Each structure stands twice: as structure tokens, then as C-alpha cells.
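>>> Please find the sequence and the predicted model below.
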Amino acid sequence: MNLRHGATTMDTLISLGTTAAFFWSVYALLFTHAGALGYTHPFELTLDRGMAALYFEAVVAIVTFLLAGRYVEARSRADSGDALRALLSLGAAEVTVLRAGREETIPAADLAVGDTFLVRPGEKVATDGVVVQGVSAVDESMLTGESVPVDKAPGDAVVGATLNANGRLVVRATRVGSDTQLARLGRMVEEAQTGKAPVQALADRISAWFVPAVVGLAVVTFAGWLLAGEPATFALTAAVSVLIIACPCALGLATPTALLAGTLRGAQLGVVISGAEALERARGVDAVLLDKTGTVTTGRMAVTGVHPAPGVDAAELLRLAGTAESASEHPIARAITAAADEAGARGVLGHFENRPGWGVAAQVDGRTVTVGRPAPPPADGRARRRPGGPSAATVVAVTIDGAPAGAIEVADTVKPTSAAAVAALGRLGLRPILLTGDAEATARAVAARVGIDEVIAGVRPEGKVAAVADLQAAGRRVAMIGDGVNDAPALAQADLGIALGTGTDAAMQAADLTLMRGDLMLAVDALRLSRRTLRTIRQNLFWAFAYNVAALPLAASGLLSPMIAGAAMAFSSVFVVANSVRLRTFRPWAR
């Protein structure tokens with residue numbers, strides 16, 4: 001096939017070498033004393049004009065090693081479609097529609113535009129639509145990455161596959177099937193994956209000049225010995241020696257052995273490497289985009305501050321608020337309740353009233369406690385986003401028996417190792433950038449805590465893809481680290497996608513490297529291991545050629561028998577394997 005296109009790759013050399021060795025062996029077996037019963041090959045350093053050697057085992061070994069490497073590559077390519085399947089599996093399978101005043105459960109795929117359907121607390125929104133009845137908080141982190149659920153009221157838009165947190169919603173479908181935001185995400189991932197140019201193998205780049213040179217040398221060797229008056233058998237044996245010594249058996253081992261050693265070491269550390277192309281891309285990365293929620297931060301709300309009013313005890317304030325919130329399923333309520341439980345304080349809950357879009361009111365130990373927005377709820381019940389400030393915290397106000405008792409701050413907390421990981425990325429010569437769908441103030445507050453100077457905030461999935469593409473257009477090699485569905489298109493678009501295994505399947509399938517722990521320091525180790533594995537592959541490729549190239553003049557001059565040529569191939573293979581095994585000594589970055 002290469003010949004028809006006028007191209008020469010390492011396949012050309014391997015095909016010529018193995019074909020020549022095979023047919024030479026067939027000839028020697030049938031027409032020379034090599035096929036005689038009891039014949040053994042003498043060990044000769046130089047060509048014996050009467051010698052006829054067999055190389056069937058060399059042919060099998062070369063092809064087997066080569067196909068093993070191709071198999072690893074093919075597996076990694078076949079897995080790329082899993083990202084789309086993971087995205088499609090996020091949607092709801094069934095939905096409860098309201099028809100003629102009755103509830104009816106149907107497959108979500110049967111929904112039509114204009115249908116009215118019910119979303120109960122804890123259920124996924126079946127498709128894109130508009131709220132027509134009810135008030136609730138909806139977790140849209142799969143789309144925006146924002147950790148705080150967004151309050152929804154009649155007239156607000158909701159997106160399919162997002163999670164209804166605590167209220168009952170009635171929604172009218174506005175987009176179904178391939179028109180939904182989830183389907184658009186799938187198309188973005190597919191376009192980004194198929195749009196990547198394949199990385200050309202280093203061996204093929206070298207072969208552009210190496211293969212023609214070797215073939216020319218073999219022809220010159222054969223013709224030269226004939227002109228020198230040597231027998232045709234001797235001339236042909238010398239030419240075959242050139243092809244065999246130049247056909248690097250170790251080339252088939254160079255990439256798969258290093259990749260195997262690197263991936264095994266990575267698996268021990270918690271890093272999954274998709275294939276050799278990921279390593280090639282990791283080498284040139286100079287900018288790293290980091291998602292915020294679930295990547296730099298924990299993705300879970302937690303109490304970060306308790307501010308009692310004068311004369312109110314902080315522990316008592318937290319105890320009463322935590323008890324009042326214990327009957328609510330809202331993520332902020334769960335954070336306050338968890339903080340109270342951790343402090344070992346919980347009162348007796350009496351009457352409880354959930355006020356969707358605002359907060360809760362309850363009787364705790366006979367006292368009236370309210371926990372909610374600092375301002376009174378709007379008359380129409382419409383949701384308003386909680387004000388964000390430099391602290392990146394959401395503030396809820398607490399009243400006791402009608403009197404202001406203080407405030408509690410709740411925020412998505414930064415992971416313990418995030419700041420150290422950002423500093424380590426900088427020391428590796430990489431430029432860290434925070435990329436998030438969260439609000440600007442929140443994003444900058446988190447960035448300041450971990451030492452990131454550049455922030456791109458308030459972007460949706462298509463905005464994240466555009467941010468990656470803009471950097472690439474500016475000549476940067478971009479790595480993207482994320483964990484959510486909203487990160488999947490950007491992970492696929494980036495030169496190197498790194499997904500946290502604690503995140504979604506869609507993100508992991510779209511990425512090149514997967515971290516099995518949600519620790520950003522593991523991303524640093526993944527980049528270092530990728531670089532070292534690629535460096536080992538390059539060393540292997542160099543020695544796979546070096547041993548053989550050094551012996552080419554000896555083979556052409558008739559001073560090296562095909563048997564010794566085969567031994568040189570075996571020695572280079574042993575060297576390549578030993579060099580690859582050194583990857584087992586890779587050590588994580590000192591914490």
C-alpha cells in the first residue's frame with residue numbers, strides 16, 4: 001500500500017526484511033545443505049561462502065512484536081467512542097408526564113416538544129424545558145460546574161440530565177432528542193475527538209530517509225559483490241544480512257514495552273494512560289487549564305465560618321441552625337447539618353416548614369428558628385442567586401424567635417493538595433489557568449487561595465472548548481484537567497485531557513489520562529510519568545536503530561553473517577526491555 005502511494009515507512013523496511021529472510025530461509029531449506037537431516041548451524045562471525053542459514057524464528061518474532069504494539073494502539077482508539085456512550089447514559093430513562101390531569105410514566109425518548117412532565121425531588125430532569133409550576137433548587141454542576149444549586153421558579157429554564165434537589169417541579173418540554181444541551185455536548189465531544197490530527201510516529205519520520213538508504217545499500221551490496229567476482233549465493237547472503245541487520249526487531253518492542261512499564265507504574269500510582277499518543281502530547285504541554293468544582297475544590301459545600309450576633313454563642317447558633325436544616329435536602333442545608341453533627345450538637349426538631357427559594361423555618365427545642373437568605377423572600381417566589389463576594393462563600397442568615405442571631409458562611413472548600421499541585425505545575429514550566437462556569441468573584445477567590453493568577457470564569461461547555469481553542473490558536477500546547485460532564489468537550493479538544501476518576505464517566509472517556517484519585521498532585525505525577533515514559537520510548541527507538549546502523553557497514557562488507565545480524569537484533573531487544581523496566585523506579589513528587 002505504501003508503494004502505491006510512493007511512501008516509505010518502517011512497515012516498508014520490516015516487510016522487506018521479513019520477506020527476504022523468509023524466502024531466503026525457504027530457499028536454503030529446500031536447495032542447500034541447511035535442510036539436511038542432522039545439520040546444525042556453525043557459529044560464524046563472518047560470511048561463509050558455503051553457509052546457508054535459516055531465519056524463520058526471526059520473521060515470526062519481528063511480526064509478533066510489531067502486531068503487539070499495533071494491538072495496544074488499536075485498543076486505545078476503539079475506546080474513544082465510550083465518551084459519547086457515557087454522555088448519553090446521563091439522561092433520565094423514564095419520565096412522568098401529565099396528560100388530561102393524570103400522571104403517566106413513559107420512556108424519556110418518547111417525550112415530544114410541548115409535553116408537560118413532573119420532576120420529583122432527587123429525580124433528573126428528563127429534557128430541556130421551562131418550569132410552569134413549583135419552586136426548587138436544581139443541581140446544574142454537570143453543565144456549568146457551579147457547586148451551588150440554582151433555584152428555579154415558574155418561567156425559568158431547566159436542562160435535561162440536571163438533578164432536582166428538593167422541590168417538586170412541573171416542566172414543559174422545549175427541546176427533545178438531538179436538540180437538547182446533552183446531545184449538543186455529545187456532538188462537541190465527537191467533533192473534538194475526530195478533529196485531532198494523528199501524531200506521526202517518530203519511527204516513520206526517521207524511515208523517510210532510513211528505509212530508502214537501507215534498500216539502496218542492499219542493492220549496492222548485492223551488485224558490488226557480483227562485480228567483484230563473488231558467487232551469487234555470497235552476494236545474496238550479504239544483501240540479506242544488510243536487510244536483516246537494518247530491520248530493527250527492537251522497534252516492535254520500543255513503544256509497547258515502555259508503554260506497558262509506564263502504564264503499570266502509573267496504575268500503581270493511580271494514573272491510567274490511554275496510549276502512546278497521549279505521551280507524545282504530554283511532552284509539549286506548556287499551559288494547563290484547571291476546572292474548579294471537583295478538581296481544585298472538593299465539589300461539596302461545607303461551613304467555612306460562623307458569625308454570631310452580639311450576645312449569641314457561636315456553638316448554640318450552629319446547633320439551632322443545624323437542627324432546623326436537618327429536614328431539608330438542599331446541599332447548603334446538608335452542609336450546615338453536617339457541621340452541627342461534627343460539633344456533636346443537635347436539638348429536638350418540632351414543626352418544620354420548607355420555604356423553596358429562600359430557606360427553612362422550624363421549631364427547635366421550643367424556639368422558632370429560621371435559616372435562609374439575608375433578605376426576605378421575593379413576593380413572587382422567583383429565585384435569586386445568592387450574592388458572591390471575595391470570600392467565595394454563600395451567606396445564610398439565622399434568626400431565633402424573630403431576632404437576628406447571626407450568619408453562617410457555606411462554601412465549596414479547596415482540596416488540601418491543590419495549592420501544592422499548582423506550585424509544582426509552575427516548577428515544571430507549565431502555565432496554570434483556572435477555567436470554570438462559576439461566578440467571577442468565586443473563581444478569583446479560589447484562584448487566589450491556590451496561587452493561580454489567570455482566571456476564565458462564567459463559561460459553559462462551549463465556552464471551555466473555545467478557551468482551549470483560543471490558546472491552541474495562539475501556539476500553546478494545552479492540557480485540560482477536569483471531572484465533570486461539562487468538561488468532557490474541553491478534555492477532548494485539549495492536546496492532553498486529564499480527568500479525575502472521582503468525576504463522571506463522560507469526562508474519563510474523553511480524556512487521555514485518568515487519575516483514580518481526586519488529588520491534583522496526582523496530575524503532576526501523571527505529567528512527569530508521561531514525560532519520562534516518552535523519553536524512554538525515544539531512547540528505545542534510538543538504540544533500536546543505533547545497534548543496527550553501526551553494523552550495516554560490516555554486513556555490507558561481508559564481515560557479518562546473517563546469524564550475527566540476528567544476534568545484534570536480539571541484543572538490542574534485550575537492551576530496550578531493560579531500559580523500559582527502569583520506569584518501575586519512578587517516584588511521585590515529594591509531598
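Alright, I've got the coordinates.
>>> Can you tell me the SS state at the residue lying farthest from the centre of the chain?
Here the chain reaches farthest from its C-alpha mean at G229, the gap being 62.5 Å by C-alpha atoms, centre = their mean. Following DSSP: H, G, I helix; E, B strand; the rest coil, G229 is assigned to coil.
>>> From A235, how far off is it?
Here G229 is placed at a distance of 10 Å from A235 (C-beta to C-beta, to the nearest Å). The C-beta positions use only the backbone N, C-alpha and C, and glycine is treated the same way.
>>> Same question for V450.
In terms of C-beta to C-beta, V450 sits 70 Å off from A235.
>>> looking at this, A499 is in a strand?
Yes. Assessed by three-state DSSP, A499 belongs to a strand.
>>> so it touches L513, yeah?
Yes. Counting by C-beta atoms under 8 Å, A499 touches L513, with 7.4 Å between them.
>>> who's more crowded, those two?
Counted by other C-beta atoms under 10 Å, A499 and L513 do not tie: A499 has more neighbours, with 31 against 27.
>>> Show residues contacting the helix or strand in which G350 is found.
Secondary structure from DSSP states H and E places G350 in strand 349-355. Here strand 349-355 makes contact (C-beta atoms under 8 Å, 6 or more residues apart in numbering) with 166-167, 323-324, 326-328, 360-364, 366, 372, 377.
>>> Show me just the buried residues among those residues.
Among the contacts of strand 349-355, the ones that count as buried by 16 or more other C-beta atoms under 10 Å are 166-167, 323-324, 326, 328, 360-364, 372, 377.
>>> Can you tell me which of those residues is nearest N540?
Among the buried ones among the contacts of strand 349-355, N166 lies closest to N540 (C-beta to C-beta), at 57.1 Å.
>>> tell me which residues in stretch 454-468 are buried?
Within stretch 454-468, the residues that qualify as buried are 455-457, 459-461, 463-468, counting by 16+ other C-beta under 10 Å.
>>> now do stretch 214-229
Residues of stretch 214-229 classed as buried: 214-215, 217-218, 221-222, 224-225 (neighbour count, 16+ other C-beta under 10 Å).
>>> residues in contact with stretch 214-230?
Contacting residues not belonging to stretch 214-230 are listed as 13, 16, 49, 232, 234-236, 238-240, 242-243, 246, 552, 555-556, 558 [C-beta under 8 Å, 6+ apart].
>>> and V369, how many neighbours?
For V369, the neighbour count with other C-beta under 10 Å is 26.
>>> where's it relative to A523, distance?
43 Å.
>>> on that earlier part again, parallel or antiparallel, list what pairs with the strand holding G350.
Here strand 349-355 is paired, per DSSP bridges, with strand 359-364 (antiparallel).
>>> The host helix or strand of T337: how far from the chain's middle?
T337 is part of helix 331-342, with elements assigned from DSSP H and E. Remark: helix 331-342 is offset 33 Å from the chain centroid, using C-alpha atoms, centre = their mean, to the nearest Å.
>>> Contacts for that helix next, please.
137, 139, 147-149, 165, 300-303, 318-319, 321-323, 325-326, 328, 346, 360, 371, 394, 396, 408, 410.
>>> swap in stretch 395-402?
Stretch 395-402 has contacts (C-beta under 8 Å, 6+ apart) with 312, 317, 320-321, 332, 336, 359, 367-374, 386-387, 404-410.
>>> Buried among those? Need that as a selection in PyMOL.
Remark: buried members of these, expressed as a PyMOL selection using 16+ other C-beta under 10 Å:
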select buried, resi 312+317+320+321+332+336+359+368+369+370+371+372+373+386+405+406+407+408+409+410
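>>> Just the ones of the contacts of stretch 395-402 in helices?
Among the contacts of stretch 395-402, the ones falling in helices (DSSP state H) are 317, 320-321, 332, 336.
>>> can you give me the helices for the stretch 401-550 of the chain?
For the stretch 401-550 of the chain, the helices defined by DSSP state H, counting those that start in this stretch cover 418-427, 440-450, 461-473, 488-493, 505-510, 520-556.
>>> so can I have JSON lines of these showing mean pLDDT?
Formatted as JSON lines, these follow (pLDDT from 0 to 100):
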{"stretch": "helix 418-427", "mean pLDDT": "92"}
{"stretch": "helix 440-450", "mean pLDDT": "87"}
{"stretch": "helix 461-473", "mean pLDDT": "90"}
{"stretch": "helix 488-493", "mean pLDDT": "85"}
{"stretch": "helix 505-510", "mean pLDDT": "66"}
{"stretch": "helix 520-556", "mean pLDDT": "82"}
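>>> Need the winner for burial among the ones you listed.
helix 488-493 (a mean of 31; mean count of other C-beta atoms under 10 Å).
>>> So which residue is dead centre in this structure?
For the chain, the residue sitting closest to the mean C-alpha position, by C-alpha atoms, centre = their mean, is A511 at 2.4 Å.
>>> Do I have it right that that residue meets A490?
No. At 10.1 Å, A511 does not count as touching A490 under the criterion of C-beta under 8 Å.
>>> Find residues that contact each of the two.
Joint contacts of A511 and A490 (C-beta under 8 Å, 6+ apart) are G497.
>>> Check which element follows the least confident helix or strand in the chain by mean pLDDT along the chain.
Least confident helix or strand of the chain, by mean pLDDT, DSSP states H and E, is helix 82-88 with a mean of 53. Later in the chain than helix 82-88, the nearest helix or strand by DSSP H and E is strand 94-99.
>>> can you give me the offset of that next one from its chain's centre?
36 Å.
>>> Which strands and helices lie in contact with it?
On a contact count with 3 or more C-beta pairs under 8 Å, 6 or more residues apart in numbering; DSSP states H and E, strand 94-99 meets strand 102-107, strand 116-119.
>>> Kindly reformat the ones you listed as TSV containing mean neighbour count and mean pLDDT.
TSV is the format used below for these (neighbours: other C-beta atoms under 10 Å; pLDDT from 0 to 100):
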stretch	mean neighbour count	mean pLDDT
strand 102-107	11	86
strand 116-119	22	91
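>>> quick one, which of these is nearest to T536?
Nearest of the helices and strands packed on strand 94-99 to T536, taken as C-beta to C-beta: strand 102-107 at 50.9 Å.
>>> Sheet partners, orientation included, of the closest one?
If you go by DSSP bridges, strand 102-107 pairs up with strand 94-99 (antiparallel).
>>> Tell me which residues are up against the partner strand.
With C-beta under 8 Å, 6+ apart as the criterion, strand 94-99 contacts 103-108, 111, 115-118, 120, 126-127, 170.
>>> mind listing what the nearest residue to V135 once chain neighbours are set aside touches?
Closest residue in space to V135, ignoring its immediate chain neighbours: P356 at 3.6 Å, by C-beta to C-beta, 6 or more residues apart in numbering. P356 is in contact with 134-137, 151, 166-167, 381, counting by C-beta under 8 Å, 6+ apart.
>>> Which of those residues fall within strands?
Members of these lying in strands (criterion: DSSP state E): 136-137, 151.
>>> can I get those residues in a markdown table with distance to D438?
Compiled in a markdown table, the ones in strands among the contacts of P356 are given as follows (distance: C-beta to C-beta, whole Å):
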| residue | distance to D438 |
| --- | --- |
| S136 | 21 |
| A137 | 16 |
| D151 | 16 |
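>>> The nearest residue to T536 once chain neighbours are set aside: how many residues sit nearby?
Closest residue in space to T536, ignoring its immediate chain neighbours: A258 at 4.4 Å, by C-beta to C-beta, 6+ apart. A258 is flanked by 29 other residues according to other C-beta under 10 Å.
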